[in-house]
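Novice: Need a 3D model of the sequence below.
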Amino acid sequence: IIAEKPSLGRNIASALGLKKRGNGYIEGEKYIVSWAFGHLFELSDVDDYFGRKMKWKEVELPFIPGKFKFKLKESRGIAEQFEILKNLMEREDVEGIINCGDADREGQIIIDRIIKESKTQKEVYRLWLPEQTKETIVEEVKNIKPDREYIRLAFEGYSRTVMDWLFGINLTRYITLKSGQLMPVGRV
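Specialist: Coordinates of the predicted model:
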């Protein structure tokens, strides 16, 4: 089970009675629970598409990549946790992966992206937790569904992520170049 954040992972482990702690995970007889730290991956920067640092005025606007690329955020802790997650997913005793991102489109894509980047071929399921009580966790673990049933939610999340990037990057660069001073647009 991959939770979106450590606190959710600890709540799930506690509800399921998992006690054996490892580096970045908690396990029991039937389940291993680990976690992300929110987004481990982000959309690549404009410079990443060119393979070098570009001056803003050198990039024709609007900049729209043919295919959007993701990259692991630059943080040793994030890189280490992603390796822990990959190693856990590759364990022979792991039969499937359970996405337990928050119960929304953002939570869906955070864990979906981690699983996709791990390149695992194991079956993926979704644990939907509208609340984190012990009773809800225990009950919803019995009701996990195939992750593919949440594909529309994932499409919503990826669409928002891409649109935020497209508008934010292009408008920030355009307004900054026109005004002569940094004018960040932020999330749109």
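Novice: need the contact list for the most centrally placed residue in the chain.
Specialist: Nearest to the mean C-alpha position of the chain, by CA atoms, centre = their mean, lies I110 at 2.0 Å. I110 makes contact with E4, A36, G38, H39, L40, G101, D102, according to CB atoms under 8 Å, 6 or more residues apart in numbering. Every residue, glycine included, has its C-beta placed from N, CA and C.
Novice: switch the cut-off to 10 Å
Specialist: For I110, the contact set (CB atoms under 10 Å, 6 or more residues apart in numbering) comprises 2-5, 36-41, 99, 101-102, 104, 157.
Novice: Likewise for P130?
Specialist: Counting by CB under 10 Å, 6+ apart, P130 has contacts D102, A103, D104, T136, E140.
Novice: returning to that earlier point: PyMOL command to pick out the buried ones of the contacts of I110?
Specialist: Buried residues among those (16 or more other CB atoms under 10 Å), as a PyMOL selection:
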select buried, resi 2+3+4+5+36+39+40+41+99+101+102+157
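Novice: mind checking which helix or strand E117 is in?
Specialist: In the assignment (DSSP states H and E), E117 maps to helix 105-118.
Novice: Pull out the buried positions in stretch 131-141.
Specialist: The neighbour-count check on stretch 131-141 (16+ other CB under 10 Å) flags I137, E140, V141 as buried.
Novice: what's the average pLDDT for stretch 56-70?
Specialist: For stretch 56-70, the mean per-residue pLDDT is 97.
Novice: pLDDT weak spots in this structure?
Specialist: Applying pLDDT under 70 to the chain picks out residues 188.
Novice: Do a quick rundown of the helices in it.
Specialist: In the chain, the helices defined using DSSP state H lie at 6-15, 46-50, 76-90, 105-118, 134-141, 151-179.
Novice: This completes my enquiry, with thanks.
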